[in-house]
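*Asks:* Next input, structure requested:
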Amino acid sequence: MDKQGKSVIVVGGGASGLMAAIQAARCGARVTVLERENKPGRKLLRTGNGRCNLTTTGSTAGVYHGEERSFAAKVLENWTVAETLAFFESIGVHTTSRGGWIYPYSDQAESVLQDLLMTAEECGVRIKTREEVRRVRKVMGRFQVETATWTYEADAVILACGTRAGIAGQEDAEEPAGIAARMGHTVIRQLPALVPLNVEDAGRLGWAGVRVNGSVRIISGRELIEEESGQLQLTEYGISGIPVFIVSSEAVRLLDSHAPVHAELDFFPDGTERELAELLHERHANHLLRPLKKLLVGLFPEKLIPALTAGSPDLISLAERAKHFRVRVTGHQGAKAAQVMSGGVSTDEVDPATCMSRLVENLYLTGEMLDIDGACGGWNLQFAWSTGALAGRSAGRGEDK
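*Replies:* Okay, the predicted model is just below:
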């Protein structure tokens, strides 16, 4: 198709939007990206603490959430991790693996964004910033995309507008998925995911600033919901760190349904409760004159010791507390502190081979717009790259599947 042929509007200049724009343009379409911010790719710059964890080579088992988790696996079968890595090498992003987590060799998210923008420009993609889309309509077979200043027309529209996650000051704003809802799509309630959790009396515990290897279990009633291990971060409001982020989606959904939620923390993950009790008895035998708090110095972080020894437990009770430190989860830090949002457009209404809407022909949905959220470690970006590539190729070629 020549450049006088099909026109494609991409709503959103983030990860999936830029990928979609490049793929559509490479297929011969005339592509315009409408980005509401001053610059495209703002959230991409924050990924991986500014280093951009592009993707991962690990197993997809259990890493995606949503009402239909298999949708993510189908998408990644149609645009794979290997294809993603080949794409980035082709545009100038050399990559390196750290335990299966893939980063740009430069260790800078900025370089990934620059290569994406240079490639988009080379493909003839137009990017218009400060253009917040308010409405998308289909009239006589063509789309009208309305902003505050203009109405754009196109043969195909790719909704890659993301969510409010990580955007301060937008707590009361409508989620971008509302655009799809007004076009007839079902939107699963969107809630913060990969987000720090608030716990009861966190300030009283005095553990703010502690980083410790351990595990976190989310429990509702007597049921273990999810568990994850790694470095925990203890804060004045509660708990954070990658393990907490991974289990937070389930915790937030339980809270939203008014179910009781507790977090059980294990501060001695390298041994059993019995082994810890034996270690404590050995330390006590070797240092009879040391009080309980001093006995734990060198075993646990100093700021964690008061919480563990509150009420002067005996050594057996102390071992149990360190292995099963239970706190009530009372809330979360909100969308502004979340890396992604759970929920979104129902994947039952989207074709995983093309990411085209099953309800509106030539309307495509990508990335965070969809009811899929992944674990930490590059999974959410991989889903963005895959959905963006599939939508862009299909929209650019005019494949009506």
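*Asks:* which residues touch the nearest residue to residue 57 once chain neighbours are set aside?
*Replies:* Setting aside the residues directly before and after it, residue 57 is nearest to residue 100 in space (C-beta to C-beta, 6 or more residues apart in numbering), at 4.7 Å. For every residue, glycine as well, the C-beta is placed using N, CA and C. Neighbour list for residue 100: 56, 57, 58, 377 [criterion: C-beta atoms under 8 Å, 6 or more residues apart in numbering].
*Asks:* rerun that using 6 Å as the cut-off
*Replies:* Listed by C-beta atoms under 6 Å, 6 or more residues apart in numbering, the contact set of residue 100 reads 56, 57, 58.
*Asks:* May I see the PyMOL selection of the buried members of these?
*Replies:* One line in PyMOL is enough to select the buried members of the contacts of residue 100, burial here meaning 16 or more other C-beta atoms under 10 Å:
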select buried, resi 56
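*Asks:* quick revisit: measure the residue nearest to residue 57 to residue 83 for me?
*Replies:* Distance of residue 100 to residue 83, given as C-beta to C-beta, to the nearest Å: 17 Å.
*Asks:* Return the set of residues that bridge with the residue nearest the centre of the chain.
*Replies:* Centroid-nearest residue in the chain, with C-alpha atoms, centre = their mean: residue 340, separated by 3.8 Å. Beta-bridge pairing for residue 340 (DSSP bridges): residue 193.
*Asks:* That one against residue 383, yeah?
*Replies:* No: under the criterion of C-beta atoms under 6 Å, residue 340 makes no contact with residue 383, lying 9.6 Å away.
*Asks:* Is the nearest residue to residue 246 once chain neighbours are set aside part of a helix or strand, or is it coil?
*Replies:* Nearest residue to residue 246, sequence neighbours excluded (C-beta to C-beta, 6+ apart): residue 228, at 4.5 Å. Classification of residue 228 by DSSP: H, G, I helix; E, B strand; the rest coil places it in strand.
*Asks:* Now do stretch 297-309, average pLDDT.
*Replies:* Average pLDDT, stretch 297-309: 96.
*Asks:* So which bits of that stretch are buried?
*Replies:* Across stretch 297-309, burial judged by 16+ other C-beta under 10 Å covers 299, 300, 301, 304, 305, 307, 308, 309.
*Asks:* what's the straight distance from one end of it to the other?
*Replies:* Using C-alpha to C-alpha, to the nearest Å, one end of stretch 297-309 lies 12 Å from the other.
*Asks:* contact partners of it?
*Replies:* Contact partners of stretch 297-309, identified using C-beta under 6 Å, 6+ apart, comprise 205, 206, 207, 210, 212, 292, 293, 296, 321, 322.
*Asks:* Pick the one among the residues you listed closest to residue 364.
*Replies:* For these, the closest approach to residue 364 (C-beta to C-beta) belongs to residue 212, at 44.2 Å.
*Asks:* Check which helix or strand that closest one maps to.
*Replies:* Using DSSP states H and E, the element containing residue 212 is strand 210-220.
*Asks:* re earlier: list the contacts for the residue nearest to residue 246?
*Replies:* Residue 228 neighbours (C-beta under 6 Å, 6+ apart): 243, 246, 247.
*Asks:* chain center to the helix or strand harbouring residue 189: distance?
*Replies:* If you go by DSSP H and E, residue 189 is part of strand 187-193. Here the centre of strand 187-193 is set off from its chain's centre by 12 Å, with C-alpha atoms, centre = their mean, to the nearest Å.
*Asks:* Equivalent analysis for stretch 358-376, please.
*Replies:* Put simply, stretch 358-376 sits 14 Å off its chain's centre (C-alpha atoms, centre = their mean).
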